[in-house]
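In: below is the sequence, then the predicted model.
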There are 2 protein chains.
Amino acid sequence: MHEAAAILLALFVIFVAAQVGAEIAQRLKLPGVVGEIVAGCVIGPSALGWIKVEDIATGTPLDVLAEIGVVLLLFAVGLETRLDDLKKVGRTAFLVGVLGVIVPFVLGVLWAHGNGFVWTKSLFVAAAFVATSAGITARVLQELNALQRIESRVILGAAVIDDILAMLLLGVVTSLQGGGGVQLGSLVFVLLQAVAFVAIIGWVGTSVMRRQGHWIERPVNPLSALSITLAICLGLAFLSTEFGLAAIIGAFLAGMIASETRNREQLEHQTRPLLAFLTPFFFVITGAKIDVHVFADASALWMLLVVTVIAVVAKLVGGFLGALSLGRRGATIVGVGMVPRGEVGVVIASLGLVGGVFSDRTYAVIVAMSLLTSVITPPVLAVLMKRDASRPEPA
Amino acid sequence: MHEAAAILLALFVIFVAAQVGAEIAQRLKLPGVVGEIVAGCVIGPSALGWIKVEDIATGTPLDVLAEIGVVLLLFAVGLETRLDDLKKVGRTAFLVGVLGVIVPFVLGVLWAHGNGFVWTKSLFVAAAFVATSAGITARVLQELNALQRIESRVILGAAVIDDILAMLLLGVVTSLQGGGGVQLGSLVFVLLQAVAFVAIIGWVGTSVMRRQGHWIERPVNPLSALSITLAICLGLAFLSTEFGLAAIIGAFLAGMIASETRNREQLEHQTRPLLAFLTPFFFVITGAKIDVHVFADASALWMLLVVTVIAVVAKLVGGFLGALSLGRRGATIVGVGMVPRGEVGVVIASLGLVGGVFSDRTYAVIVAMSLLTSVITPPVLAVLMKRDASRPEPA
């Protein structure tokens, strides 16, 4: 088949699978995103094989489309987030971010060392337990129209802090693999750089927009505000990878900056068709990366179960403790919202595989754990959010 | 640089270049698309080199994004085209399509043979003179809000016929290169297949939508009509490549089908942000494929000039003669609208290079011709359209 035809067929299959999956999930009262991930798993290389492994490897067109999809998703989430609202929950978000990293990391190290990994490798395994994927939770919160809730703001704020810490941790454990010591000075520098990036873009960007935002509202054509903010989104997504952060953090900041302009509502409206077209690629391909064959081997299945339980409990406890100031129900929602590891865990696992730290089995288990947390979180979060919404607000 | 970072940077650079180019073009009273193509040429491999040759090769992520961009563009153009309107201009469009293929093909063969190509190779060279790229003209017509004019409908109808004939011609000349004769039976089969595809999708699709279109209007969520029609768009784009036609023909048909539903205006509205984000990639990358070094060699420059003049005049004459029933002014607009060869000429040139039919220089000249016709057409078309709009309608 001609190359252009093959890619069009893949786009069609993925897009239709996403729609069918989302439709079925919604009829089962589950968030649509669960259906999209499961659909990806079903049509993926390890099940039906309608998508091939080589078609979704890093840097392939489908992988890039998926990346663009999640970048736009976090941009849209940023659009619904005001810096002032985020500041109000700053202290809680910081605690959630820090505890949500420490607890899974410590538990991860203990489990890995207890299972025969040497200390340096155990640290690497534990790093894969740490990073929350904001994309999954953000999509669920958006589907539930819950982005304005205080728990949502804590989760999004904590995801930024989480990402900074996870990036730092990865730097530490990677340099430890080389056998060399950790250079405290360079680590502090990396940390300061990342914090400075987020702070400068967040604070300065939003205040510039508040005062000078009128220049993106020129009447050349009604889409120019969208084009300018999308350019900012792509630019900041790139810049944040240069500062060692996930691209979605930059996209989130870009959305937050754009939300300070008078075009906010118009931009939200215009972003929706973009999300409808592009985010399904992210979720289906995330699902397609799940290797169902792992489940065929009982010992690997057991390992997966243990790892997943540890990963879920650790993040839940960390997030819960950090968010206790919101009350127990709010803290539970925050804890659950921080559970999905999604593609971040997958990326760390890939680094471990390429660097020879992980065996194929450890890799498969950690990838499956990352994706399993992404599949089980959305329905739980949806139930908690809805139950909570139907109760009276605490006094 | 990490791969994800590199692609985000490329997306950012291309997107910003498109905005800057379109802005400058519009201030110079030129269609924005000219600015986007020129911007691509400037940042492309042969000038500034901000985009590398290997980044825009067939099947790379950027190339696929460009393809998606032009597919969505023709989908949007289809949305603004009713089958009934197209039927009214059917005879004229057919004449324009047929003459617009015959005249450039005959002139192309004569020129190539006169320049020392053997007959079989001359036929191949001439095939590259034939196919109109509907994307460029469609974008200009859209920018001018002129898609409802009779000339626009003739051009779009003729582009479908043009594509069928060009595909057929390419089949003939390719099989001639092998030294074997042409099998009339299989050619007739290929032709019938393509015609049947367009006819069945066009006629049956639209009538099904008219009667059964309500099922895409279910109230599950306001974007589901968009999702369903986008799925149809991707599916038909793929199918049309399977029938040997350009993907954009299928996308155009999908848009035309969707325009029969009650969601038409809503879909047009929702498609705009998708176009704003994705079509710039198509036009910038089209421009980036222009190799400006060809212009450094006087003899190649001369050859380019001659080839371009032949290509322009031939299509202009063919289109003009076919559309004479619209009056001289209308026929001129149609003739000019058929001039851009765009990516179709580039594709045929690539086939010739890979098959050993063309030298590097012939390849470069034909690619440059294809793209040159795409750059010079939009401003001329804009001037003709505007001048014509300010005159009274003929009685």
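Out: Looks like it arrived, so ask away.

In: okay, now the unreliable bits of the stretch 101-250 of chain A?
Out: Scanning the stretch 101-250 of chain A for pLDDT under 70 picks out A:167, A:171-172, A:174-184, A:186-187, A:212-223.

In: enumerate the residues of the stretch 51-200 of chain A near chain B.
Out: With C-beta under 8 Å from any C-beta of the partner chain as the criterion, the stretch 51-200 of chain A meets chain B at residues A:58, A:59, A:60, A:61, A:63, A:64, A:65, A:67, A:68, A:71. Yep, even glycine has a C-beta here, placed from its N, CA and C like the rest.

In: out of those residues, grab the one that's most surrounded.
Out: Neighbour tally across those (other C-beta atoms under 10 Å in any protein chain shown): the maximum, 29 neighbours, falls on residue A:71.

In: can you list the residues of the stretch 51-200 of chain A next to chain B in JSON lines and add distance to residue B:13?
Out: Formatted as JSON lines, these follow (distance: C-beta to C-beta, whole Å):
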{"residue": "A:58", "distance to residue B:13": "20"}
{"residue": "A:59", "distance to residue B:13": "17"}
{"residue": "A:60", "distance to residue B:13": "21"}
{"residue": "A:61", "distance to residue B:13": "18"}
{"residue": "A:63", "distance to residue B:13": "20"}
{"residue": "A:64", "distance to residue B:13": "15"}
{"residue": "A:65", "distance to residue B:13": "18"}
{"residue": "A:67", "distance to residue B:13": "16"}
{"residue": "A:68", "distance to residue B:13": "15"}
{"residue": "A:71", "distance to residue B:13": "16"}
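
In: on the three-state scheme, residue A:51 is what?
Out: Assigned state for residue A:51: coil (three-state reduction, DSSP: H, G, I helix; E, B strand; the rest coil).

In: got the contact list for it?
Out: Shown in contact with residue A:51 (C-beta atoms under 8 Å, 6 or more residues apart in numbering or on different chains): A:10, A:13, A:14, A:40, A:43, A:44, A:45, A:62, A:285, A:288.

In: hmm, 10 Å instead?
Out: A:10, A:13-14, A:17, A:40, A:43-45, A:62, A:284-285, A:287-289 (C-beta atoms under 10 Å, 6 or more residues apart in numbering or on different chains).

In: the closest residue to residue A:257 other than its chain neighbours: which element?
Out: Distances taken as C-beta to C-beta, 6 or more residues apart in numbering or on different chains place residue A:205 nearest to residue A:257, at 4.1 Å, with adjacent residues excluded. Following DSSP states H and E, one finds residue A:205 within helix A:205-212.

In: name the helices or strands packed onto that helix?
Out: Packed against helix A:205-212 by the contact rule (3 or more C-beta pairs under 10 Å, 6 or more residues apart in numbering or on different chains; DSSP states H and E) you find helix A:83-88, helix A:224-242, helix A:247-258.

In: so for whichever helix or strand comes after the last one, mean pLDDT?
Out: Following the chain from helix A:247-258 toward its C-terminal end, the next helix or strand by DSSP H and E is helix A:264-288. Regarding helix A:264-288, the rounded mean pLDDT is 90.

In: quick one: name whatever helix or strand follows helix A:264-288.
Out: Next along from helix A:264-288, by DSSP H and E: helix A:298-322.

In: so what secondary structure elements neighbour that following helix?
Out: If you count contacts as 3+ C-beta pairs under 10 Å, 6+ apart, helix A:298-322 packs onto helix A:90-114, helix A:119-130, helix A:150-177, helix A:327-337, helix A:360-390.

In: repeat that for 7 Å
Out: For helix A:298-322, the packing partners by 3 or more C-beta pairs under 7 Å, 6 or more residues apart in numbering or on different chains; DSSP states H and E come out as helix A:90-114, helix A:327-337, helix A:360-390.

In: which among the contacts of residue A:51 count as buried?
Out: A:10, A:13-14, A:17, A:40, A:43-45, A:62, A:284-285, A:287-289 (16 or more other C-beta atoms under 10 Å in any protein chain shown).

In: quick check: the farthest pair among these?
Out: Maximum pairwise distance among those (C-beta to C-beta): 15.9 Å, between A:13 and A:289.

In: residue contacts, the closest residue to residue A:95 other than its chain neighbours?
Out: Sequence neighbours aside, residue A:322 is the residue nearest to residue A:95 in space, at 3.8 Å (criterion: C-beta to C-beta, 6+ apart). When contacts are counted by C-beta atoms under 7 Å, 6 or more residues apart in numbering or on different chains, residue A:322 touches A:92, A:95, A:96, A:98, A:99, A:100.

In: pretty sure residue A:241 sits against residue A:249.
Out: No: Residue A:241 sits out of contact with residue A:249 when judged by C-beta atoms under 7 Å, with a separation of 9.1 Å.

In: those two - which one has more neighbours?
Out: A side-by-side neighbour count of residue A:241 and residue A:249, using other C-beta under 10 Å, places residue A:249 first with 28 against 22.

In: excluding its backbone neighbours, what's nearest residue A:107?
Out: Nearest non-adjacent residue to residue A:107, counting by C-beta to C-beta, 6+ apart: residue A:314, 4.4 Å away.

In: do you know how far the one you found is from chain B?
Out: Look at residue A:314 and chain B: by C-beta to the nearest C-beta, to the nearest Å, they are 27 Å apart.
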